[in-house]
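>>> Turn this into a model:
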Amino acid sequence: MTEAATGGIVEIWTDGACCGNPGPGGWGALLRWGGHERELCGGEASPTTNNRMELTAAIRALESLTRPVTVRLHTDSTYVRNGITGWLAGWRRNGWLTAAKQPVKNADLWQRLEAACARHEVTWLWVKGHSGHPENDRADALANRGMAEARAAAVTAG
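Numbering: from 1, shown residues only. Next up, the predicted model:
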């Protein structure tokens, strides 16, 4: 699929949030292509980590794309950016063990992220968090909304 057929490059901004680490968490993503925008968010009331929520935001954003496209994914997580662009190949080669022969944390999500990326041409960009970047601030607000909604749903269900 050409960029022209999809309205150009899909720009994605993602963020994760936790209340405590571990604690309840949320993830958010802002997708923009052509003149369109889409917001995604969700969360987990049970204890999770900020890194898991950062990974989930990127995964859910990429999985939401209905056809292969060129993506510029902006994250404020060096963990996600460094993992996907540098560490993942070695972890896979080492049977999902670190260089210190320890199990890779969040291997389930790294494998899911790798599969989600396989359909697309993804460029990973780092943006400084909480620095007044409008799209990153929106992704942060979505992550916090996802966390609040998950916590509220748990209270209602409990």
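
>>> top helix in the chain by residue count?
Identified as the longest helix of the chain according to DSSP state H is helix 134-157.

>>> helices or strands up against it?
For helix 134-157, the elements it packs on are strand 10-18, strand 23-33, strand 36-48, helix 50-63, judged by 3 or more C-beta pairs under 8 Å, 6 or more residues apart in numbering; DSSP states H and E. (Glycine included, C-beta is placed from N, CA and C.)

>>> Of the ones you listed, which stretch is the most buried?
strand 10-18 (a mean of 27; mean count of other C-beta atoms under 10 Å).

>>> Just give me the residue right at the centre of this structure.
residue 58 (2.1 Å; C-alpha atoms, centre = their mean).

>>> Verify the stated contact: it with residue 14.
Yes: between residue 58 and residue 14 there is a contact at 5.0 Å, judged by C-beta atoms under 8 Å.

>>> Let me see the contact set for residue 150.
The contact partners of residue 150, by C-beta atoms under 8 Å, 6 or more residues apart in numbering, come to 24-26, 42-45.

>>> Please apply the same query to residue 57.
Contacts of residue 57 (C-beta under 8 Å, 6+ apart): 14-16, 27-29, 75, 139, 143.

>>> Could you check how far it is from residue 73?
10 Å (C-beta to C-beta, to the nearest Å).

>>> go on, residue 135?
From residue 135 to residue 73 the distance is 12 Å (C-beta to C-beta).

>>> Could you tell me which residues touch both of these two?
residue 13.

>>> Could you check which of the two is surrounded by more residues?
residue 73 (24 against 17; other C-beta atoms under 10 Å).

>>> I am finished for the moment; much appreciated.
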